[in-house]
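Peer 1: Fold the following, please.
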Amino acid sequence: MTITTKLSKLFHMTSSSSSSIEKVPNLDPEQMPVQSDSDAPRVCEIYSNSEYITFGDKVFRRSDFLDAIGDDRRSNNGSRFRKLANPVPLGLASFSLSCLVLSLINANVRGVTNNKLAISLYMFFGGAIELFAGLLCFVTGDTFSMTVFSSFGGFWISWGCINTDQFHSITGYGADTTQLNNAIGFFLAGWTVFTFLMLMCTLKNSWGLFLLLFFLDLTFLMLCIGSFINNNHVKMAGGYFGILSSMCGWYSLYAMVVSPDNSYFPFDAYMMPNAPTA
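Peer 2: The predicted structure follows:
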């Protein structure tokens, strides 16, 4: 069964109306079967993101669409491509756990203010694993997730290095705490800007991902201001916003991994207005 035949069946399952195909990229015209105007679906525009593929006014989940044509996906030597796992939940798990621990410390929960024990978490799980998830998103063609996870993987590694004594990032300022706080403020200000830009790219995504970056941006903003004015209460506010960001990450993670095949308690990923829906 050819890819074109499977696409036709996929469209016929969602619509009873049909006409000619105007544009279908990445298909060899010589391999397309001859179809009459009454047999073939009409595609006016094709749009794709990390979760959905849109053909005209028809929207399909990317995973369902790839499953429908999976038997015909072959490499140049004729071997079949293997279906790849979604690396986004791994990146969400790495970020959410690291963000939760750091935010609890920033919020001074149970009087904890020293984060030395969490440095290994920042460096390896928050940094290395999230960077790895970002690189896997590159393989799957998800530009947004690749940018976000790889960048924040770099953030966690950097934050771990800053708090590691061997790098002398803090002790190098000696008794000049004002300059140290300003330098940390500059560091956090840059991440505030980056997070805001990524937040603007989630306005047609799920509410969980949008709120994750929204609360994270407030987290960086509060920590940035708290560093500039050396006010622990503002930093604590940043810690509480970070906890909210982590909770949104946990929800998004679970909603992407859970299914009727592995759990009796599925959660839905609620989409924002005007988001592509299936």
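Peer 1: So for Trp207, what's the pLDDT?
Peer 2: What the model reports for Trp207 is a pLDDT of 94.
Peer 1: which stretches of the chain form helices?
Peer 2: 3-14, 62-69, 88-106, 119-120, 130-140, 143-162, 177-199, 207-229, 232-257 (DSSP state H).
Peer 1: Name the residues that touch stretch 217-237?
Peer 2: 99, 103, 106-108, 177-178, 181-182, 184-185, 188-189, 191-192, 195-196, 199, 238-239, 241-242, 245 (Cβ atoms under 8 Å, 6 or more residues apart in numbering). For the C-beta atoms, the positions are set from N, CA and C on the backbone; glycine is no exception.
Peer 1: before we move on, the earlier item: okay if I get the helices of the chain as a markdown table plus distance to His168 and mean neighbour count?
Peer 2: What follows is the helices of the chain, written out as a markdown table (distance: least, Cβ to Cβ, whole Å; neighbours: other Cβ atoms under 10 Å):
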| stretch | distance to His168 | mean neighbour count |
| --- | --- | --- |
| helix 3-14 | 58 | 16 |
| helix 62-69 | 47 | 15 |
| helix 88-106 | 21 | 23 |
| helix 119-120 | 15 | 14 |
| helix 130-140 | 24 | 20 |
| helix 143-162 | 10 | 20 |
| helix 177-199 | 12 | 16 |
| helix 207-229 | 19 | 22 |
| helix 232-257 | 23 | 20 |
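Peer 1: For the stretch 1-150 of the chain, which residues score under the pLDDT cut-off?
Peer 2: In the prediction, the stretch 1-150 of the chain carries residues with pLDDT under 70 at positions 1-51, 55-57, 63, 66-82.
Peer 1: do that again at 80, thanks
Peer 2: 1-83 (pLDDT under 80).
Peer 1: Output the helices of the chain in TSV; the columns should cover distance to Ala269.
Peer 2: Formatted as TSV, those follow (distance: least, Cβ to Cβ, whole Å):
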stretch	distance to Ala269
helix 3-14	21
helix 62-69	13
helix 88-106	11
helix 119-120	31
helix 130-140	17
helix 143-162	14
helix 177-199	17
helix 207-229	6
helix 232-257	4
